[in-house]
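Asks: Next input, structure requested:
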Amino acid sequence: MSAAVPILEVQDLHVSYGAIKALRGVSLKVYEGEIVSVIGANGAGKSTMMQAIMAQVPRESGQIYLEGKELASKSYQVVTQGISLTPEGRRVFAPLSVYDNLMMGAFPRKDRHKIEEDLTWVFSLFPRLEERREQYAGTLSGGEQQMLAIARSLMSRPRVLLLDEPSLGLAPIIIKDIFRELKRINSEGVTILLVEQNARQALMLSHRGYVLQTGNLILEGRSEELLANPEVEEAYLGTGKTTGTVKK
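Replies: You can find the predicted model right below:
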């Protein structure tokens with residue numbers, strides 16, 4: 001599971017929005033083959049961290065590396081290097097068909113001859129997308145749009161898949177289906193960094209986890225250790241009075 005060099009490493013990342021400090025020295029490592037989750041309350045900085053990795057927001061300071069090489073400063077370059085983001089809120093191209101959305105995900109690729117092979121793969125993961133191949137993305141259900149957003153990210157053939165709140169706004173039965181497929185995606189060679197407010201679901205899926213609180217990573221460990229941590233349980237796992245705060 002681990003290796004000498006992480007496939008993705010964030011070092012001392014700081015991001016500010018004017019006078020507001022969104023991230024304060026965030027550092028984390030993701031090794032090839034892992035699912036790593038980052039949990040935290042709304043506003044903790046989880047989405048900002050993902051956007052900073054993708055070069056969608058400027059870094060005040062800090063470094064981000066993919067297999068020991070610093071990531072590019074433009075989003076499209078980050079994608080071609082091997083990282084893809086499924087954003088919070090899905091953001092599918094509503095006027096385009098399911099098929100066209102998937103082809104948009106494959107747009108940066110140079111190995112055009114392998115795109116059909118990957119299309120077959122994502123349809124095997126999400127058969128409903130194949131059934132709705134010519135349907136406009138905006139007419140899909142919320143769960144189907146989330147499937148499409150993940151599949152679109154996979155069409156860039158990423159080494160690391162970033163997932164920002166994939167369970168947001170979905171019914172529990174749909175969340176269960178999507179998380180089952182995320183496990184399969186990981187088993188087929190895609191490393192995953194997941195941020196989630198659904199902390200229990202995220203930790204049950206992942207190998208390791210981090211706790212992000214007001215822009216600071218305050219805890220890390222094996223997922224089973226975090227699930228058993230009384231303070232994490234009280235703050236994030238739905239027992240006691242949920243405050244979203246863990247003592248440092």
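
Asks: tell me what the longest helix that the chain contains is packed against?
Replies: Using DSSP state H, we find that the single longest helix of the chain is helix 172-187. For helix 172-187, the elements it packs on are strand 35-39, helix 115-125, helix 142-154, strand 191-196, helix 199-205, judged by 3 or more CB pairs under 8 Å, 6 or more residues apart in numbering; DSSP states H and E. (C-beta placed from N, C-alpha, C; glycine too.)

Asks: how does it look with 10 Å?
Replies: The contact analysis (3 or more CB pairs under 10 Å, 6 or more residues apart in numbering; DSSP states H and E) places helix 172-187 against strand 35-39, helix 115-125, helix 142-154, strand 160-164, strand 191-196, helix 199-205.

Asks: Now mean neighbour count too, for these, in TSV please.
Replies: Below are these laid out as TSV (neighbours: other CB atoms under 10 Å):
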stretch	mean neighbour count
strand 35-39	26
helix 115-125	16
helix 142-154	23
strand 160-164	24
strand 191-196	25
helix 199-205	21
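
Asks: The ones you listed: which one's closest to Gln81?
Replies: strand 160-164 (9.5 Å; CB to CB).

Asks: In contact with Leu182: list those residues for me.
Replies: Residues counted as contacts of Leu182 (CB atoms under 10 Å, 6 or more residues apart in numbering) are 35, 125, 150, 161, 163, 166, 190, 192, 194, 205-206.

Asks: Quick one, which of those has the minimum pLDDT?
Replies: Within those, Pro166 has the lowest pLDDT, namely 92.

Asks: so which helix or strand takes in it?
Replies: Using DSSP states H and E, Pro166 is not contained in any helix or strand.

Asks: Helix or strand with the lowest mean pLDDT in this protein?
Replies: helix 230-236 (a mean of 87; mean pLDDT, DSSP states H and E).

Asks: Please name the bridge partners of the spatially most central residue of the chain.
Replies: Geometric centre of the chain, nearest residue: Leu163, 1.7 Å, by CA atoms, centre = their mean. Taking DSSP bridges as the rule, Leu163 bridges to Thr86, Leu194.

Asks: Where does pLDDT dip in this structure?
Replies: For the chain, residues meeting the criterion pLDDT under 70 lie at 1-3, 238-248.

Asks: circling back to that earlier point, ok, the residue nearest to the centre of the chain - contacts?
Replies: Contacts of Leu163 (CB under 10 Å, 6+ apart): 35, 37, 50, 84-88, 146, 149-150, 153, 178, 182, 185, 192-196, 202.
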